[in-house]
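Undergrad: What would the 3D arrangement of this be:
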Amino acid sequence: MADGRSVLVTGGNRGIGLAIAKAFAAQGDKVAVTHRRAGGEPPADLPERLLAVPCDVTDAAAVDAAFGKVEAEHGPVQVLVSNAGITDDGLLMRMSEESFIRVVDANLTAAYRVAKRASRGMLKARAGRMIFVSSVVGLTGSAGQVNYAASKSGLVGLARSVARELGSRGITANVVAPGFVDTDMTRALPDARRAEILTQVPLGRYATADEIAAAVTWLGSDAAAYVTGAIIPVDGGLGMGH
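TA: Model (predicted):
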């Protein structure tokens, strides 16, 4: 796949998603990112080279409209990175059904929505890359995250089914499973909890968002043309064996 491709990163306005978007843009790709800011105004600190598209990935009509805007500006999406997601942690006995459904809808059903919409252009082109950002938690489980872990685990089945269904058309579908990443969210954890987490990670440190982005951009490159249905862990060894 040549440079200057049309790339869409959902939830690409901050954190890991923004690092992924910047990495593709640095390669010369035309990159669009979705965001959910009130009024549809793009984030003020978003780099100008990124096309900001308002989109609620839990709304099929909004997803279709977002793709329409990207297609008008950059052409059909050639590389899709399904990254948008939420958490709403709580112990099983206290977790409401609404909480479970909301997280699964935002993290898993939304991935189905964007993959389905992206497949339209990819099938016509007989080429494409779909990359789903999961989590080590989807493979190992995590107390207090039944909803989140279920949604992230579900991405594996989704991606592998897409890989089998669309592989004959030159479309690959893969999963990146980050471990603990140095972000605003993890920096806000108490020092004792941060130290406890590191005892579980063989490499003894948090990942940088750029290290996650490196795995994603590789999967979107020509070098990974024969890789599909794979889970690429970027977790410092935390989830090995799963």
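Undergrad: Could you use CA atoms for every contact and neighbour count after this?
TA: Will do.
Undergrad: where's the spatially most central residue of the chain relative to Ala143, distance?
TA: Central residue of the chain (CA atoms, centre = their mean): Asn83, 2.0 Å from the mean position. In this structure, Asn83 and Ala143 are 22 Å apart, going by CA to CA, to the nearest Å.
Undergrad: Likewise for Thr217?
TA: Taken as CA to CA, the span from Thr217 to Ala143 is 31 Å.
Undergrad: More neighbours: which of the two?
TA: Taking neighbours as other CA atoms under 10 Å, Thr217 and Ala143 compare with Thr217 leading, 19 against 11.
Undergrad: Quick one, grab the pLDDT at the more buried one.
TA: pLDDT, Thr217: 98.
Undergrad: Can you name the residues that contact it?
TA: 20, 23-24 (CA atoms under 8 Å, 6 or more residues apart in numbering).
Undergrad: for those residues, which one is nearest Val133?
TA: Set against Val133, the nearest of the contacts of Thr217 by CA to CA is Ile20 (10.5 Å).
Undergrad: Where do the strands of this protein begin and end?
TA: With DSSP state E, the ranges of strands along the chain come out as 6-9, 30-35, 51-54, 79-82, 128-133, 171-178, 231-234.
Undergrad: would a markdown table of those strands with distance to Tyr112 be doable?
TA: Formatted as a markdown table, those follow (distance: least, CA to CA, whole Å):
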| stretch | distance to Tyr112 |
| --- | --- |
| strand 6-9 | 14 |
| strand 30-35 | 16 |
| strand 51-54 | 18 |
| strand 79-82 | 9 |
| strand 128-133 | 10 |
| strand 171-178 | 12 |
| strand 231-234 | 17 |
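Undergrad: Could you export those to JSON lines, including columns for mean pLDDT and mean neighbour count?
TA: Formatted as JSON lines, the strands of the chain follow (pLDDT from 0 to 100; neighbours: other CA atoms under 10 Å):
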{"stretch": "strand 6-9", "mean pLDDT": "98", "mean neighbour count": "26"}
{"stretch": "strand 30-35", "mean pLDDT": "96", "mean neighbour count": "26"}
{"stretch": "strand 51-54", "mean pLDDT": "96", "mean neighbour count": "24"}
{"stretch": "strand 79-82", "mean pLDDT": "98", "mean neighbour count": "27"}
{"stretch": "strand 128-133", "mean pLDDT": "98", "mean neighbour count": "27"}
{"stretch": "strand 171-178", "mean pLDDT": "98", "mean neighbour count": "27"}
{"stretch": "strand 231-234", "mean pLDDT": "97", "mean neighbour count": "20"}
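Undergrad: For Pro190, find the nearest of those.
TA: Pro190 lies closest to strand 171-178 among those, at 20.8 Å (CA to CA).
Undergrad: Pairing partners for the closest one, with directions?
TA: Strand pairing for strand 171-178, determined by DSSP bridges: strand 128-133 (parallel), strand 231-234 (parallel).
Undergrad: and those strands as TSV, adding distance to Pro76?
TA: Formatted as TSV, those follow (distance: least, CA to CA, whole Å):
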stretch	distance to Pro76
strand 128-133	10
strand 231-234	26
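Undergrad: The helix or strand of the chain with the lowest mean pLDDT: which residues count as buried?
TA: Here the helix or strand of the chain ranked lowest by mean pLDDT, DSSP states H and E is helix 184-187, holding a mean of 79. Buried residues in helix 184-187, counting neighbours by 16 or more other CA atoms under 10 Å, are absent.
Undergrad: Can I get that helix in PDB, CA atoms only?
TA: Only the C-alpha atoms of helix 184-187 are listed here, as PDB (Å, rounded to 0.1, in the frame of the first residue of the first chain):
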ATOM      1  CA  ASP A 184      -2.800  10.800  31.900                       C
ATOM      2  CA  MET A 185      -5.000   8.100  33.300                       C
ATOM      3  CA  THR A 186      -2.200   5.900  34.700                       C
ATOM      4  CA  ARG A 187      -0.300   9.000  36.000                       C
END
